[in-house]
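[1] model the following, please.
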Amino acid sequence: MNGPALQDRSAASASWRIALPHTAAAVPVARALVRTALAELEHAADSDTAELLTAELVANAVEHTAGNGPIELVVELLPSGCQVEVHDPDPAPPGNLTRPADCDPDPWQEHGRGLLLIRALSSSCGHRPTDSGKAVWFRLPVLPAQRRPM
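    This next block holds a predicted model:
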């Protein structure tokens, strides 16, 4: 890992912030952090979906932003669900994150489905400018008790 994880735990929420390398190696590290965060607190958000969407955000940040400075992963657990943000140094907004694309992705292409997955599987998503670039985020709600894995 490329930096310490900061952990802030309170009764109402918990959050983690970690700098990740600007390489493909950041993707499995980010997935593991999200998986651990949700399991450790027995959080009721869907861990598999959180891991998948986190991997998409981190992979996009690595692939589509220039430079070799770190990207940052922020995971926040709240009573209503979880929010995951990926900060990168590029201020340009991501593609069609908050509105559907004008056309369907080519089924033969390896790329082009990440933002579609984020839009389809999250309860909300978006991006915002930061002092050093942008943050791209998604939220997942708490799963109802009857849908939680045993």
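[2] contacts and neighbour counts: CA atoms only from here.
    Fine.
[3] okay, helices next: where are they in the chain?
    Under the criterion DSSP state H, the chain contains helices at 26-40, 47-64, 114-121.
[4] just those helices: most buried one?
    Here the criterion is mean neighbour count by mean count of other C-alpha atoms under 10 Å, and of those the winner is helix 47-64, at a mean of 21.
[5] returning to that earlier point: can you put the helices of the chain in a markdown table and add distance to residue 88?
    Converted to a markdown table, the helices of the chain look like this (distance: least, C-alpha to C-alpha, whole Å):
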| stretch | distance to residue 88 |
| --- | --- |
| helix 26-40 | 13 |
| helix 47-64 | 6 |
| helix 114-121 | 16 |
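[6] tabulate those helices (TSV), appending mean pLDDT.
    Listed next are these as TSV, based on pLDDT from 0 to 100:
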stretch	mean pLDDT
helix 26-40	91
helix 47-64	94
helix 114-121	86
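[7] for the ones you listed, which one sits closest to residue 80?
    Evaluated over these, closeness to residue 80 peaks at helix 26-40, with 13.1 Å, by C-alpha to C-alpha.
[8] and the closest one, what does it pack against?
    Secondary structure elements in contact with helix 26-40, counted by 3 or more C-alpha pairs under 8 Å, 6 or more residues apart in numbering; DSSP states H and E, are strand 14-20, helix 47-64, strand 71-78.
[9] and if we set it to 7 Å?
    With contacts taken as 3 or more C-alpha pairs under 7 Å, 6 or more residues apart in numbering; DSSP states H and E, helix 26-40 sits against helix 47-64.
[10] contacting residues around the helix it packs on?
    For helix 47-64, the external contacting residues (C-alpha atoms under 7 Å, 6 or more residues apart in numbering) are 22-24, 27, 30-31, 34-35, 38, 84, 86, 88, 114, 118.
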